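Novice: Turn this into a model:
(2 chains)
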Amino acid sequence: MNVTINGQIEQIPSGLTIVGLLAHKSVEMPDMVSVELNGEILDRPAFDTTLVSEGDSLEFLYFMGGGQ
Amino acid sequence: MTLRDDQIERYSRHIILGDVGGKGQEKLLAAKVLIIGAGGLGAPIALYLAAAGVGTLGIVDGDCVDMTNLQRQVIHFTPDIGTPKVTSAFNKIRAINPDVTVHPIHDMVHSANIRDLIRDYDFIVDGTDNFSAKFLINDACVMENKPFSHGGILRFDGQTMTVLPKKSACYRCLFKQPPPKNAVPTCSQAGVLGAVAGMLGTIQAAEVLKYITGVGDLLTNRLQTFNAKSMIFRQVTVKQQSNCPVCSSSPTLTELVDYEGPVCDLRS
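Specialist: Numbering: from 1, shown residues only, chains lettered A, B, ... in the order given. Below you'll find the predicted structure:
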């Protein structure tokens, strides 16, 4: 099925949770990512229970702690 | 405030800019901005705000200049090694623009001092290098109702957002709490391309000038990100969260927290 991740349309397997999608996308450090699903920031506990659906728009927002 | 002849000359490129003009320049000269961190982000921010004639600049940093800083912290020069960063920054700012009053504060921000530090300023800029400080700045600015610019860089990436407390999404609306300690890559593993600090810092500086002069649309409710490898700039629309622990109408976080965590420091 097709979803939009960070502005790019991508084909992903059906039935993935957010945790599953992060693994599928080989996100190295999922703890460093905040996820916005269709405009709403997801609470971290919901990563395990929220299923990704056809046409969803997701944004992976990465922590960036640098500045020096 | 009336601009002197030398100021009309110095700031002529602002004054002829329709949206800024003499009135905007007077606002800049009357403004007080606090820059937290005099490193990769703080350097370009301080240089541009000083050149622009922001009348009062506070700069907070507890570190001294070292060799590894010079690859990107362009306000510090080789002979400054060993000097407190705020002293080095003070000297450069005074040399660029004697109109600017500089308050160097050789200290780190923490929960006990930050509210007092930010209270006298109109706008706060986050140029820090660690999550503890970024959350602290967010929370303190929301509590003191101070607008601020968040900035973060890592490797080839940067992100920034302007926050008008309780009017726009805050940092905690996006990131509820710092990542677990072991999840954070240290900067010695991660590194950062020098110019990325300049790219992000100058966006933050432009936001400060826009806020003070009232020009344009601030980067509120939008997280600006870029990747210097692809040179793709993106904006992610975000919104204030009704359950935000700090900026919602019923906050659950009402005291400042000093989180432990690694400092993103190339020496570590």
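Novice: residues contacting B:P245?
Specialist: B:172, B:176-177, B:251-253 (C-beta atoms under 8 Å, 6 or more residues apart in numbering or on different chains). For glycine as for every other residue, the C-beta is placed from the backbone atoms N, C-alpha and C.
Novice: of all these, which comes closest to chain A?
Specialist: Taking C-beta to the nearest C-beta as the measure, chain A sits nearest to B:K176 out of these, at 7.1 Å.
Novice: Just name the shakiest helix or strand of chain A by mean pLDDT.
Specialist: strand A:40-41 (a mean of 92; mean pLDDT, DSSP states H and E).
Novice: for the helix ranked longest in chain B, packing partners?
Specialist: If you go by DSSP state H, chain B has its longest helix at helix B:194-213. With contacts taken as 3 or more C-beta pairs under 8 Å, 6 or more residues apart in numbering or on different chains; DSSP states H and E, helix B:194-213 sits against helix B:21-30, helix B:42-51, strand B:123-126, strand B:148-154, strand B:157-163, strand B:222-227.
Novice: Any idea how many residues pack against B:K167?
Specialist: 13 (other C-beta atoms under 10 Å in any protein chain shown).
Novice: check contacts around the residue of the stretch 151-268 of chain B found nearest chain A.
Specialist: Taking C-beta to the nearest C-beta, chain A has its nearest neighbour within the stretch 151-268 of chain B at B:G152, 3.0 Å off. Contact analysis of B:G152 by C-beta under 8 Å, 6+ apart lists A:63-67, B:134, B:158-160, B:200.
Novice: who's it bridged to?
Specialist: B:Q159 (DSSP bridges).
Novice: now it: how far from B:Y121?
Specialist: Counting by C-beta to C-beta, to the nearest Å, the separation of B:G152 from B:Y121 is 21 Å.
Novice: give me phi/psi at B:N69?
Specialist: phi -70, psi -30 (degrees, to the nearest 10).
Novice: if I pick B:D107, what's in contact with it?
Specialist: Applying C-beta under 8 Å, 6+ apart, the residues contacting B:D107 are B:60, B:62, B:113.
Novice: same question, B:T225
Specialist: Applying C-beta under 8 Å, 6+ apart, the residues contacting B:T225 are B:157-159, B:233-236.
Novice: Go again with 6 Å.
Specialist: Residues in contact with B:T225 (C-beta atoms under 6 Å, 6 or more residues apart in numbering or on different chains) are B:159, B:234.
Novice: go on, B:H14?
Specialist: B:H14 touches B:20, B:25, counting by C-beta under 6 Å, 6+ apart.
Novice: repeat that for 7 Å
Specialist: B:20, B:24-25 (C-beta atoms under 7 Å, 6 or more residues apart in numbering or on different chains).
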